[in-house]
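Chemist: What follows is a predicted protein model with its sequence.
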Amino acid sequence: MKDLSPNELEVSDLKGHVGFWLRFVSNHVSYAFARKLLGSDVTVAEWVVLREMYETESMAPSRLAEATGLTRGAVSKLVDRLFHKKLLTRVERDDDRRYQTIALTEMGRKLVPKLAAQADENDAEFFSALTQQERQALIEALRKLVEANRLTKLPTE
């Protein structure tokens, strides 16, 4: 069998890849949401932390990392930023300062429903072309891919 030169190799079409379209839509959805959040001084990543924290009184940052799929390092940076914005509190254990619990401040708790409305609006704008049944099918297909590929962490790149 003859070796093919780089010019003779068949190269698949970029736009024929599902991943291309997933990233294309995802980037646009995230960018639009980030623009909506500008007035609140909260980033999309910070919103994820705030929303996850909304359902609980307090938790350890390690548990937050597990719940969001973010690395512990990323969570640590986000917690620092949200602490400085007075949206989260931190309580260190007396016996070991490496361990802490975090909780939403009253200001953080009041902000989450407002940001959730912006997230809902963003979703509605981007996915309104789909019927409710199509939206549900898309979510189920994506969840199936997450499970089949054992995806647990968000990529950092």
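Modeler: Nice, I can see it. Only a predicted model underlies this, so the values are computations on that prediction, with no experimental measurement involved.

Chemist: going forward, measure contacts between C-alpha atoms and count neighbours the same way
Modeler: Will do.

Chemist: What's the biggest helix in the protein, counting residues?
Modeler: In terms of residue count, the longest helix belonging to the chain (DSSP state H) is helix 106-127.

Chemist: From the chain's centroid, how far away is it?
Modeler: Its chain's C-alpha centre lies 14 Å from the corresponding centre of helix 106-127 when counted by C-alpha atoms, centre = their mean, to the nearest Å.

Chemist: just stretch 144-157 next, same as before
Modeler: The chain centre lies 12 Å from the centre of stretch 144-157; the measure is C-alpha atoms, centre = their mean.

Chemist: How about exporting it as PDB, limited to the C-alpha atoms?
Modeler: Taking only C-alpha atoms (Å, rounded to 0.1, in the frame of the first residue of the first chain), the coordinates of stretch 144-157 have been written out as PDB:
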ATOM      1  CA  LYS A 144     -26.400  10.700  27.700                       C
ATOM      2  CA  LEU A 145     -23.100  11.900  26.200                       C
ATOM      3  CA  VAL A 146     -21.900  13.100  29.600                       C
ATOM      4  CA  GLU A 147     -22.700   9.800  31.200                       C
ATOM      5  CA  ALA A 148     -21.300   7.600  28.300                       C
ATOM      6  CA  ASN A 149     -18.100   9.500  28.300                       C
ATOM      7  CA  ARG A 150     -17.900   9.700  32.200                       C
ATOM      8  CA  LEU A 151     -17.500  13.500  32.100                       C
ATOM      9  CA  THR A 152     -17.300  14.900  35.600                       C
ATOM     10  CA  LYS A 153     -15.000  18.000  35.300                       C
ATOM     11  CA  LEU A 154     -15.400  21.100  33.200                       C
ATOM     12  CA  PRO A 155     -12.400  21.500  30.800                       C
ATOM     13  CA  THR A 156     -10.300  24.600  31.500                       C
ATOM     14  CA  GLU A 157      -9.400  25.300  27.900                       C
END
